[in-house]
Structure formats: C-alpha cells, structure tokens
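Engineer: structure for the following, please:
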Amino acid sequence: MKKAIISRALMGFPAGIAIGQCISLLVSAILGQGTFEACMPSFVTAMGSELAAVALQTLLCGVLGAASAASSVVWAADWSLLKRTIVSFLLLTLSMLPVAYVTDWMEHTVKGFLLYFAVFTLIFALIWLCQYLAWKRRIKRLNEKVRSL
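Structural biologist: Down below sits the predicted model:
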C-alpha cells in the first residue's frame, strides 16, 4: 500500500501543477480582461513579488495533486462505501482548504471559508455521484454478461 501511495503521489504532483495552470488560464480568460492573472493579487502582495507567489502556488498545486492522487488508494480499501467516502473527503479537505487559505483562493473570513467549503463539498459530491453512477453502470453490464454465459 505504501508503494501505491508513493507512486500515485509522484504521478499526481505534475498533474496538480498542470491542473493549477489550466485553472489559472481559465480564470484569466473569464476575469482577466485580456491579461493573465497567475495568482490572486492579494497573494502576490503578501508574497512580495509575482515570481514568489507563482512559485509557491505552483508548488502547492503540485502538493494538492500529489495528495489527491495518493488519497485515491482509499478506494481500494476493503471498507464500506460510506467509510471510503468520508475518509476520502477528509483527506482531500485537509489538503485543499489550507492551500486555498494560503493562496488567497478564499476570503479570509468565516463567510469566505464557509462559501469555499460549500463549493468544495458540492464539487466533491458531483464527482462522487458521477463516479458512482459510472461504476454502477459497469457492474450492471458485467452482471448481465455473467448471466448470459
């Protein structure tokens, strides 16, 4: 299991960086008014330079990718679906929320935290539901093939 966690984390690190870059491009295309906004302006100010802010955000996106990929081993555990869902949600939350706070992806208020947490929870639930339905469909097809033998 340790080998799987390390292997997935190593693959997840560059994936996290790539996803972070794509999100920066998407947000800039929507909100940047023709400019590329690599980081939140408040984060750039807090870091003292755009280079420092982008470097730290890139590193943290890699960490998020590694944590997300490594936590996927939870789904291979011999636990109930509820337990795997809760553990996965907690692991992702414990990695995502501190990074979002540090990089100013959320307002540093109770309202900002609750709003970010609500959006995060909604995205997690939507991804979980899509995966659940896809696996349910695959299992149904496999069962149909077994019955037809």
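Engineer: hey, let's count contacts and neighbours off CA atoms from now on
Structural biologist: Noted.
Engineer: run through the helices of this protein in chain order.
Structural biologist: For the chain, helices defined by DSSP state H occupy the ranges 2-31, 41-47, 50-71, 81-102, 110-148.
Engineer: can I get the ones you listed in JSON lines including mean pLDDT and mean neighbour count?
Structural biologist: Shown next, in JSON lines, are these (pLDDT from 0 to 100; neighbours: other C-alpha atoms under 10 Å):
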{"stretch": "helix 2-31", "mean pLDDT": "94", "mean neighbour count": "16"}
{"stretch": "helix 41-47", "mean pLDDT": "95", "mean neighbour count": "15"}
{"stretch": "helix 50-71", "mean pLDDT": "96", "mean neighbour count": "21"}
{"stretch": "helix 81-102", "mean pLDDT": "96", "mean neighbour count": "16"}
{"stretch": "helix 110-148", "mean pLDDT": "95", "mean neighbour count": "12"}
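Engineer: I'd like the distance between Val54 and Leu133.
Structural biologist: 37 Å (C-alpha to C-alpha, to the nearest Å).
Engineer: that should have said Gly65, apologies.
Structural biologist: Note on Gly65: its distance to Leu133, by C-alpha to C-alpha, is 24 Å.
Engineer: go on, Met106?
Structural biologist: 31 Å.
Engineer: ok, now Phe124?
Structural biologist: Noted for Phe124: a distance of 14 Å to Leu133, by C-alpha to C-alpha.
Engineer: kindly report the same for Val99.
Structural biologist: On the measure of C-alpha to C-alpha, Val99 and Leu133 end up 30 Å apart.
Engineer: no further queries at this time; thank you.
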